[in-house]
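# Mind looking at a prediction? Sequence and model below.
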Amino acid sequence: MRSFRIAVFASGRGSNFQALADAQLRGALGGVISILVCDKPQAPVVELAQAANVDVFAFQPKEYATKEDYEREIAVELQQRGVELIVLAGYMRLLSPSFVEFYSGRIINIHPSLLPAFPGKDAIGQALDYGVKMTGVTVHFVDGGMDTGPVIAQKAVEIKEGDTAELLAQRIHAVEQKLYSEVVSWFAQGRISLNGRNVTITE
Ligand code: GAR
């Protein structure tokens, strides 16, 4: 049977990329990471992908005349590999409406808060500043907005007395790294369906 092909988009450290690659090695991802797309060629995630023998497309959008040209080239790379799911893992750039439309229902993102609370940048810092007692992790479909798409899975993480951003981030990242590969495997098994904003996971 043909393997389920995944593209990971990332911009930074790559701990989620690494967790997905590790899950693939264990046979727990249900698919194969066919390509890493990175908008920052110097980012650590590029070396992680090379070490994992994953093809890398690492170019900055400013190297192209327009954002559409950049994304068109990415779409060609994805089509050549038969990619069925785009997994955003710390990709700190909004995709254009036409790209999101083209891959509608096939792009997911992970975000370090319980959305709709604390969308956008530095969600962990935002939660600490606000003083909430509970935050967490959300995996959601990507739509045209910033962290606004239908929620697929959420896990809560408690904020403890005296927590620092670093301590809280460590606990949140540990939850992310476990949850994301699980959600990707649900996709690979065809267990996720979307009805309006409601997502159902079938057994
Ligand atoms: C992760 O915590 C992810 O949830 C966050 O970026 C981090 C990337 O870490 N994404 C967002 O904030 C998206 N709005 P990583 O590069 O180590 O995987």
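Perfect, I can see it now. Quantities reported herein were computed from a predicted structural model and do not represent experimental measurements.
# Up against the ligand, what does this protein have?
The interface of the chain toward the ligand, taken as Cβ under 6 Å from any ligand atom, is made up of 10, 12-16, 89-90, 110-112, 123, 147, 173, 176. The way it works is simple: take the backbone N, C-alpha and C, and place the C-beta from them, glycine included.
# which one of those has the most neighbours?
Neighbour counts for the residues of the chain next to the ligand were taken using other Cβ atoms under 10 Å; the highest belongs to residue 10, with 29 neighbours.
# For the chain, give the helix that spans the most residues.
Secondary structure assigned by DSSP state H gives helix 165-188 as the longest helix of the chain.
# hmm, who's touching the helix or strand following that helix?
Remark: after helix 165-188, the chain's next helix or strand is strand 192-195, criterion DSSP states H and E. The contact list for strand 192-195 (Cβ atoms under 8 Å, 6 or more residues apart in numbering) reads 105, 141, 150, 152, 183, 186, 199-202.
# After strand 192-195, which helix or strand is next?
Beyond strand 192-195 toward the C-terminal end (DSSP H and E), the next one is strand 198-201.
# Tell me which other helices or strands that following strand touches.
If you count contacts as 3 or more Cβ pairs under 8 Å, 6 or more residues apart in numbering; DSSP states H and E, strand 198-201 packs onto strand 151-158, strand 192-195.
# now with 7 Å?
Applying 3 or more Cβ pairs under 7 Å, 6 or more residues apart in numbering; DSSP states H and E, we find strand 198-201 packed against strand 192-195.
# Now the strand it packs on: buried residues?
Of the residues in strand 192-195, residue 192 count as buried by neighbour count, 16 or more other Cβ atoms under 10 Å.
# gap between the helix or strand hosting residue 127 and the chain center?
Using DSSP H and E, the element containing residue 127 is helix 123-130. Offset of helix 123-130 from its chain centre (Cα atoms, centre = their mean, to the nearest Å): 20 Å.
# Counting by contacts, list what it packs against.
Secondary elements touching helix 123-130 (3+ Cβ pairs under 7 Å, 6+ apart): helix 165-188.
# isn't residue 50 right up against residue 58?
No: counting by Cβ atoms under 7 Å, residue 50 does not reach residue 58; the two are 9.8 Å apart.
# Contacts only, for residue 5.
Contacts for residue 5 (Cβ atoms under 7 Å, 6 or more residues apart in numbering) come out as 31-32, 34, 81-84.
# so what's residue 113 up against?
123, 127, 135-136, 138.
# re earlier: just the buried subset of the contacts of residue 5, please.
31, 34, 83-84.
# Turn the residues you listed into a markdown table, including pLDDT and secondary structure.
Output for these, formatted as a markdown table (pLDDT from 0 to 100; DSSP: H, G, I helix; E, B strand; the rest coil):
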| residue | pLDDT | secondary structure |
| --- | --- | --- |
| 31 | 97 | strand |
| 34 | 98 | strand |
| 83 | 98 | coil |
| 84 | 98 | coil |
